[in-house]
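> Predicted model and sequence below, questions to follow.
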Amino acid sequence: MGSDKMPIVSNLEKVNVHSSKWATVPYNQRPHGVMDQVGQVISVMKVLQPLNQFLKAAFGGYSYGDGCEPKCIGDNYGSYQWLSDKVPRAIYVWFFMPEAAEVDGGYIHPLPLQILVSGTGTDLTNWEIIKWWFHGQFFNTIEELITAWNNDKNGLRTSFKFVKPEGSMKLYSNFMPRPGPKRGEKQPVGPIAYEPYGRRYSITQNNKISWLGWELYVGYLPHYGPRYYDVRFKGERIAYEISMQEAMASYGASDLSQANTVYLDSHWGVGASVRELVQGVDCPLTAAYMDAVTFYKGSSKANFHKNAVCVFEHNTDTPALRHYSYSYQFYGAVPGTNLIIRMVSEINNYDYIADLLLSNDGMAEVRVVTSGYVQAAAFQESYRNSFGYPLMYNVSGTLHTHVLAWKVDLDIGGTSNSVNIHHMKIGEADDGAGGKIYINQYEAKICERENECAYATSMSTPKIPVVINENKKNAFGSARGYKVQLNRPLLNLEPAGYPRSKGLGFMRYSFAATKQYDNEAHSSSVYGQARLSNPSTSVTDYLNDESIRNQDVVVWVNSGLYHVPVAEDAPVTTTTGNMLGFMLIPFNWAQESPATDMADMIQITNTNKVVPAIKKAAALCAPSYQDVQFLNDGWEAA
């Protein structure tokens, strides 16, 4: 038992895989589980009779619970939070129309009815509903809601119209064929890749992958997602670890549930949610597959995920190096090619397509593309100018952010590394005729202490961070290093001092570097979801202004986007434009481009009209592919 006389969820002094600063986990900061779901049901059952009285009146005879068929209304839980000592466990619940979701989820079939349920202690009979929201108005009890409906308070009843899509409009939330002509109907398949020499990569024991000088081990953590270990290029370690730490989604709206939704998907199992991939759609026909085994909170046994990771070589169709010289009459190039390691997590409505791209020029890119259903709400006309646009007559997504955070433990030439930040500036120069001009320049400054290496990206003060080894130089005397190129960093716009922001420490800095410690393994935690104002783990706690020069350096980065839902987000959001991530790029690491030792590099001149290697290989054979079956073992369980 803890000091509050409540059970202890976990003794972290014995097992601490989440870098928690706590010795024990308070009971009300436990991960969401079966007890919460049971408490939610109990709270609704307490008011079932008046609830169904209202549902039948407002929604044309629909009801909730046993005996509702064929006009049933379902419920789903969203985020949950500690709100106060009096409300230490609160879950936001929204209702939806399962009848309209026969061939998809209920995520974009919401009804304008939401509740807040709360539980205290371990006695599930104490759970109850403490707040109601319907059609833009808040109520303390179901009786108060029914009275307002009957009396048409503030036009509650007369302004409400229950509209259901009919005919082909019902298809908006699924992937069933639409009526009318189909583009590409006579030629339904585009270009197909093949490997003229077979696979140029290998997958060996312990999930080790090798390709064109790259070597690494591939894995994942059930809570945090993909991670890559001992990443080497041309025999030299580039990174000890590259791993996802958090996937956050935070919503905005004027209702009850959406307004209070902040998902930390480390809690909901972004790593444990990997699923079987479809050959030819999720991955090309040439891909190799790896199975996954996960063990997650609430599980009584390990879960096996068939074909959950795919590996394939990809022709980028953009040269890695290229120049056409009309003055000197030559053409030189190195064709671009990547190895892609892909796994896709499906967390309820979200899909995260997580890739590690390795390039033949020594670049490594971590990339996550988002898709899946938006978490929808009942549309209100005021939302057009503040939260989102309708997906259907009375359904809307609402504005939300997606932010992903990563840990990058670089080891450039060993573990004695420094961070050299290039501060972009404007300098002055002479135009040659006595005039003054402004020029671009930078000031390179090596961080002495951790706090100098933590910053939020600003367009007015751009920076380029490089992790270097001051004791290892290239042939020209420059410290060998790798640049960390941030793609779409997104910062927390909540006011300074806002309590819940404490749980979003990974958003405070777009780039931060700290000294490596084994007990600072993560920047977020499974225990953060339950009480954002009191997180067990935060990267901000690691910034102690320690000396960081010539140390074992760990870099923490984030990438995010704002999603304004629109009609085109039905049935699900497009992957186009929704890419997050960062790049690791050689920075004086070599003497020249690492791509120049590729066998397919060419230089074409008037006297040496070389034929690109790909044109020769194309004539070698017709493609053949291994047939990778899908759903042989049925659908996976949650």
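Structure received. What you are looking at is a predicted structure, and each value in this text was computed from that prediction instead of being measured. Residues are numbered from 1 along each chain as shown.

> Wait, Ile446 touches Ile548, no?
No. With contact defined as Cβ atoms under 8 Å, Ile446 does not count as touching Ile548 (9.4 Å). To be clear about C-beta, it is placed using only N, CA and C from the backbone, and glycine gets the same treatment.

> shared neighbours, these two?
Ser418, Val419 (Cβ atoms under 8 Å, 6 or more residues apart in numbering).

> Parallel or antiparallel, which strands does the strand or helix carrying Tyr263 pair with?
Element membership of Tyr263, judged by DSSP states H and E, is strand 262-264. Each strand paired with strand 262-264, and its direction, by DSSP bridges: strand 236-251 (antiparallel).

> buried set for the strand it pairs with?
Neighbour counts over strand 236-251 (16 or more other Cβ atoms under 10 Å) mark 237-251 as buried.

> what does stretch 144-159 give?
Buried-residue list, stretch 144-159, by 16+ other Cβ under 10 Å: Leu145, Ile146, Ala148, Trp149, Leu156.

> How about residues contacting that stretch?
Applying Cβ under 8 Å, 6+ apart, the external contacts of stretch 144-159 come out as Pro50, Gln53, Phe54, Ala57, Ala58, Trp132, Phe134, His135, Gln137, Phe139.

> Can you turn the buried part of those into a PyMOL selection?
In PyMOL syntax, the buried subset of those is picked out as below (16+ other Cβ under 10 Å):
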select buried, resi 54+58+132+134+135+137+139
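
> Next, format the contacts of stretch 144-159 as TSV and append secondary structure, distance to Pro226 and pLDDT.
As requested, those are exported to TSV (DSSP: H, G, I helix; E, B strand; the rest coil; distance: Cβ to Cβ, whole Å; pLDDT from 0 to 100):
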residue	secondary structure	distance to Pro226	pLDDT
Pro50	helix	48	97
Gln53	helix	49	96
Phe54	helix	46	97
Ala57	helix	49	96
Ala58	helix	45	95
Trp132	strand	41	98
Phe134	strand	41	97
His135	coil	42	95
Gln137	strand	44	96
Phe139	strand	44	98
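
> returning to what we had before: what does the strand holding Tyr263 contact?
If you take Cβ under 8 Å, 6+ apart as the criterion, strand 262-264 is touched by 79, 81, 246-251, 500, 503-504, 524, 528-529, 532.

> just the helices in the stretch 501-638 of the chain please.
613-617 (DSSP state H, counting those that start in this stretch).

> And the residue nearest the centre of this structure?
Nearest residue to the geometric centre of the chain (Cα atoms, centre = their mean): Ala247, 4.3 Å.

> Hmm, it is touching Trp406, no?
No. Using Cβ under 8 Å, Ala247 is not in contact with Trp406, being 10.3 Å away.

> now Val467, nearest residue through space, not along the chain?
Nearest non-adjacent residue to Val467, counting by Cβ to Cβ, 6 or more residues apart in numbering: Leu410, 4.5 Å away.

> For the one you found, the count of nearby residues, please.
Residues lying near Leu410 (other Cβ atoms under 10 Å) number 26.

> what's near enough to touch it?
Contacts of Leu410 by Cβ under 8 Å, 6+ apart are Ile238, Ala239, Tyr240, Asn417, Val467, Tyr482, Val553, Val555, Leu584.

> Mind doing that once more with 10 Å?
Neighbouring residues of Leu410 by Cβ atoms under 10 Å, 6 or more residues apart in numbering: 231, 237-242, 417, 419, 467-469, 481-482, 484, 513, 552-555, 584.

> Check what pLDDT it gets.
pLDDT recorded at Leu410 is 98.

> So in terms of bridging, what pairs with it?
Ala239.

> Quick check: the gap between it and Leu356.
Per Cβ to Cβ, to the nearest Å, Leu410 is found 15 Å from Leu356.
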